[in-house]
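Q: need a structure here:
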Amino acid sequence: MTGTPGIGRLATSGTFTLDGGTWDVDNNVWLVGDEREVVVIDAAHDAAAIAAAVGDRRLKAIVCTHAHNDHVNAAGELSDATGAPILLHPDDEVLWAMVYGADRAFDPLRDGQVIEVAGTGLRVLHTPGHAPGAVCLYAPDLGTVFSGDTLFSGGPGATGRSYSSFDTIIGSIRDRLLVLPPETVVRTGHGDETSIGAEAPDLEKWIARGH
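A: Have a look, this model is predicted:
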């Protein structure tokens, strides 16, 4: 596990399955907090490894940036082990049900909600496109945004599968993310981090490439 003060990153590996296909993926699991309490963002693949990274800290919440299986498939086990609630935007209920069925509940996230942990606020930004209920979590005190699969180094998240839309994700990035300070670090669901300032100049290229 690696990280900067207040932010830890754990890399986990598994598979992503949708529309009849399965792909090997490496995921970033983010932990935000201090020595007393922590929030996990995207509990992917390995609940035991995530629990070990949490350690003896209080796990306040398991926040899902969206409900593709590779971002939520360890959330249930981690919640059962710790008692922490699972938070997800309700527009992703259809994707959630693909993993957990209709019987496993989650607590709904809403746009503008602020999740408090260790004196830091994570503001929920609803950014549909990669998935209907996709969200990013903006932490101005930490100078970062956790983008899930909405924005990566080099462009927007994939929109070629069910429940996704290229035009919608471009609108989300333009209106919700590129308005953040350019120095804001973008911590992604897969791969390397980037910054708002590094990605903003390429918006028109993404639009041209997508149509």
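Q: Beyond the worst-scoring helix or strand of the chain on mean pLDDT, next helix or strand please.
A: In the chain, no helix or strand scores lower on mean pLDDT, DSSP states H and E than strand 2-4, which sits at a mean of 57. Next helix or strand after strand 2-4 toward the C-terminus (DSSP states H and E): strand 7-18.
Q: Export that following strand to PDB, keeping only CA atoms.
A: In PDB, the C-alpha atoms belonging to strand 7-18 read as follows (Å, rounded to 0.1, in the frame of the first residue of the first chain):
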ATOM      1  CA  ILE A   7      -4.600   9.200   1.400                       C
ATOM      2  CA  GLY A   8      -3.600   5.600   0.900                       C
ATOM      3  CA  ARG A   9      -3.700   3.500  -2.300                       C
ATOM      4  CA  LEU A  10      -4.000  -0.300  -2.400                       C
ATOM      5  CA  ALA A  11      -3.800  -2.000  -5.800                       C
ATOM      6  CA  THR A  12      -5.900  -5.100  -6.200                       C
ATOM      7  CA  SER A  13      -6.400  -7.500  -9.200                       C
ATOM      8  CA  GLY A  14      -9.400  -9.400 -10.500                       C
ATOM      9  CA  THR A  15     -11.900  -9.400 -13.400                       C
ATOM     10  CA  PHE A  16     -14.400  -7.000 -14.800                       C
ATOM     11  CA  THR A  17     -17.500  -8.700 -16.300                       C
ATOM     12  CA  LEU A  18     -20.300  -7.100 -18.400                       C
END
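Q: and it, which residues are buried?
A: Applying a neighbour-count criterion of 16 or more other C-beta atoms under 10 Å, one finds 7-10, 12, 14, 16-18 buried in strand 7-18. Any C-beta I mention is one placed from the backbone N, CA and C, and that applies to glycine too.
Q: Okay, and T168 sits in which element?
A: helix 166-172.
Q: just checking, what packs against whatever helix or strand comes next after that helix?
A: Using DSSP H and E, the next helix or strand after helix 166-172 towards the C-terminus is strand 185-188. Counting contacts by 3 or more C-beta pairs under 8 Å, 6 or more residues apart in numbering; DSSP states H and E, strand 185-188 packs against strand 21-33, strand 144-148, strand 151-152, strand 194-195.
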